[in-house]
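J.: Here is the input, now give the coordinates:
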Amino acid sequence: MEMDATGISKGNWIFYGDFDRTAAYLSDQKKILGFNPFCHSVEHTDIENVYRWHFRVTDPQNNPFDVIFYVEQTDELLVELPDNMECSDPDNLTDEVISRYTVGRKVRWKHYPMPKQADDPENYLFVGKASGMLDMHRQEGNKTRVHFELKIDVRFLLYPAFRIIPKKITRSMINAGMSMIMQTSTNRIFSAISKDFVKIVHL
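T.: Numbers count the residues shown, from 1 in each chain. Alright, predicted model coming up:
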């Protein structure tokens, strides 16, 4: 029997360091996901801004359990111009003006429906969906406030031992377990990242 499961992780941090460097560092998904203990690889596909995330865990019977996510990344600069500066077309802003008045950067990840990609349960390979964001804002004192969110959806085969439990209860148990694992991994990612910065505070 197949079961749909959802896992969610999130968190807020203050980075002590230059905003531009912090935003560039965190926008590199291959770098930051490399700190996730379950991330096997991150590869760019032939499609612009679309990446292949490969995660690997071990199931209760010690089988390797591979989940593939195809994710499209978009980046948005958050610019706040002073009241006395009029701008009818953002495309006319110079790089200097953009750099001077940039207050934040938002990175979004959303599921990309890659054609001809399907589950292969016999080989413990599943294709899931991932979505999330990194919201980064410049703070006084050369600091950056970072909000992180990630949600994944995966369909997998349910072991016979779980089939005697009502499906609603089983789903709740699995979702809670996935979210706990994801949150622990997220905290480990940011803990590892902290070694490359002066200081990171988890809010």
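J.: can you pull out the strands in the protein?
T.: Secondary structure of the chain (DSSP state E): strands located at 2-16, 39-44, 50-58, 64-79, 102-111, 125-139, 143-157, 199-202.
J.: Rebuild those as JSON lines, extending it with mean pLDDT.
T.: As requested, those are arranged in JSON lines below (pLDDT from 0 to 100):
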{"stretch": "strand 2-16", "mean pLDDT": "89"}
{"stretch": "strand 39-44", "mean pLDDT": "93"}
{"stretch": "strand 50-58", "mean pLDDT": "89"}
{"stretch": "strand 64-79", "mean pLDDT": "89"}
{"stretch": "strand 102-111", "mean pLDDT": "92"}
{"stretch": "strand 125-139", "mean pLDDT": "92"}
{"stretch": "strand 143-157", "mean pLDDT": "89"}
{"stretch": "strand 199-202", "mean pLDDT": "92"}
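J.: end-to-end on stretch 36-56?
T.: Start to finish, the residues bounding stretch 36-56 are 11 Å apart (CA to CA, to the nearest Å).
J.: quick one: contacts of that stretch?
T.: Contacts of stretch 36-56 from elsewhere in the structure, counted by CB atoms under 8 Å, 6 or more residues apart in numbering, are 29-30, 33-34, 57, 64-74, 112, 114, 130, 181, 185, 188-189. Glycine gets a C-beta too; all of them are placed from N, C-alpha and C.
J.: So which of the strands of the chain is nearest residue 176?
T.: For residue 176, the closest of the strands of the chain is strand 2-16, at 9.1 Å, according to CB to CB.
J.: Filter the contacts of stretch 36-56 down to the buried ones and express that as a PyMOL selection.
T.: To isolate the buried subset of the contacts of stretch 36-56 in PyMOL, counting by 16 or more other CB atoms under 10 Å, use the following:
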select buried, resi 29+33+65+66+67+68+69+70+71+72+73+112+114+130+185+189
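J.: sorry, back to before: the strands of the chain into a markdown table, with extra columns for distance to residue 174?
T.: A markdown table is the format used below for the strands of the chain (distance: least, CB to CB, whole Å):
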| stretch | distance to residue 174 |
| --- | --- |
| strand 2-16 | 5 |
| strand 39-44 | 20 |
| strand 50-58 | 13 |
| strand 64-79 | 13 |
| strand 102-111 | 20 |
| strand 125-139 | 13 |
| strand 143-157 | 9 |
| strand 199-202 | 27 |
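J.: Compare those strands and give me the one nearest residue 172.
T.: Sorting those by CB to CB, the top spot, which is the nearest, belongs to strand 2-16 at 10.1 Å.
J.: I'd like to know which of the strands of the chain lies nearest to residue 173.
T.: strand 2-16 (9.7 Å).
J.: now that closest one against strand 143-157, angle please.
T.: Using axes from the mean of the first three to the mean of the last three CA atoms, to 10 degrees, the interaxial angle of strand 2-16 with respect to strand 143-157 works out to 170 degrees.
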